[in-house]
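S.K.: generate coordinates for the sequence data below:
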Amino acid sequence: MQGTVSIFNEDTSGEVVLDSGRRVGFDAAAFAVSGLRFLRPGQRVSLESDQEGTVVAVRIPTMHP
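M.R.: Modelled structure (predicted):
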């Protein structure tokens, strides 16, 4: 899933607006998996989720040649 960061909290949890318009939250554990240090509102991210739909990783999408 890809979307745009709408909220990034001091505790490293946050919320993303998916391309479909649905809002999805992520917790600090999902952010920690990414290895990132900070996200800014408006930044594009890719979310990985488990079978229950819980976000387990937040990543920066990259373009491959």
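
S.K.: bridging across strands, which residues link to the spatially most central residue of the chain?
M.R.: Closest to where the C-alpha atoms of the chain average out (Cα atoms, centre = their mean) is Val58, at 4.0 Å. On the basis of DSSP bridges, Val58 is bridged to Leu47.

S.K.: my guess is it meets Ser49, correct?
M.R.: No - with contact defined as Cβ atoms under 8 Å, Val58 does not reach Ser49; the gap is 10.5 Å. In short, each C-beta sits where N, CA and C put it, glycine included.

S.K.: centre of the chain versus stretch 21-35, how much separation?
M.R.: 4 Å (Cα atoms, centre = their mean, to the nearest Å).

S.K.: residues in contact with the residue nearest to the centre of the chain?
M.R.: Contacts here follow Cβ atoms under 8 Å, 6 or more residues apart in numbering; on that basis Val58 touches 14, 16, 26, 30-31, 33-34, 36, 39, 45-48.

S.K.: can you report how many residues lie near Arg44?
M.R.: 12 (other Cβ atoms under 10 Å).

S.K.: same deal with Pro61?
M.R.: Around Pro61 there are 8 residues (other Cβ under 10 Å).

S.K.: just confirm it is within a helix.
M.R.: No - counting by DSSP: H, G, I helix; E, B strand; the rest coil, Pro61 is not part of a helix but coil.

S.K.: so who does the closest residue to it other than its chain neighbours touch?
M.R.: The spatially closest residue to Pro61, leaving aside those adjacent along the chain, is Ser46, at 4.4 Å (Cβ to Cβ, 6 or more residues apart in numbering). Shown in contact with Ser46 (Cβ under 8 Å, 6+ apart): Met1, Gln2, Val58, Arg59, Ile60, Pro61.
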